[in-house]
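S.K.: Fold the stuff below for me.
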Amino acid sequence: MARIPLPTPADEPEAFALLQAKRSHAPNAEIYRTLAICPEILEAFLPMADAVRKGYGIDPKLREMAIVMTCQTMGTSYEHNPHWNRAIKEGVSKEKMLALWDFEQSALFSELEKAVLRLARDATRAPAQVSPEVWNAVHRELGSQQSLALLFSIGWYNMTGRLTGPLDLSDEAAFARI
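M.R.: Okay, the predicted model is just below:
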């Protein structure tokens, strides 16, 4: 249960009208309900989330594995579980997802996947200490635009995890992990 009372449409009608217009598929998601407490932040959050999700050509499998690694590194579950499912829906095997935390010792991952997972892990642990080797391994394969878009995804889910974790937000009621 969330550590703060989450508003309802009756409490924040303008924020929920925005959510209905922009997120009709998930207007009651706990993160959106939480942000409805601060409508100006919610209003800025939604288009930024959309821009980050664009991906700029990043293979969705790489992106989803990076998000799950980010969440695992932080120890947060709110975004971890839905992105686990998205990774599998994008074509990442369940076997690979189960081995994600130990990717360094696994033969299941390509060199690019390992590079992306290192970046997600290291940028989450100590952002200013990402080594040139870790960055260059990703940048060499993805180029500037996709590398930056990947870093935005990692940073975005670091930010959301640093909100959802302390607030103890829960998976949506109907959610089931694959």
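S.K.: neighbours of Ala21, just the number please.
M.R.: The burial count assigned to Ala21 is 10, neighbours taken as other Cβ atoms under 10 Å. For every residue, glycine as well, the C-beta is placed using N, CA and C.
S.K.: tell me how far the one helix or strand it maps to is from the chain's mean position?
M.R.: According to DSSP states H and E, Ala21 maps onto helix 13-22. In terms of Cα atoms, centre = their mean, to the nearest Å, the centre of helix 13-22 is found 22 Å from the chain centre.
S.K.: What's the first helix or strand after it?
M.R.: helix 30-35.
S.K.: other SSEs contacting that next one?
M.R.: helix 39-54, helix 132-167 (3 or more Cβ pairs under 8 Å, 6 or more residues apart in numbering; DSSP states H and E).
S.K.: what residue lies at the spatial centre of this protein?
M.R.: Centroid-nearest residue in the chain, with Cα atoms, centre = their mean: Tyr157, separated by 3.8 Å.
S.K.: Quick one: residues contacting that one.
M.R.: Contacts for Tyr157 (Cβ atoms under 8 Å, 6 or more residues apart in numbering) come out as Ile67, Thr70, Cys71, Glu79, His83.
S.K.: how about a cut-off of 7 Å?
M.R.: Going by Cβ atoms under 7 Å, 6 or more residues apart in numbering, Tyr157 touches Ile67, Thr70, Cys71, Glu79.
S.K.: Quick check: closest non-adjacent residue to the third one.
M.R.: Using Cβ to Cβ, 6 or more residues apart in numbering and skipping the chain neighbours, the partner closest in space to Cys71 is His80 (3.5 Å).
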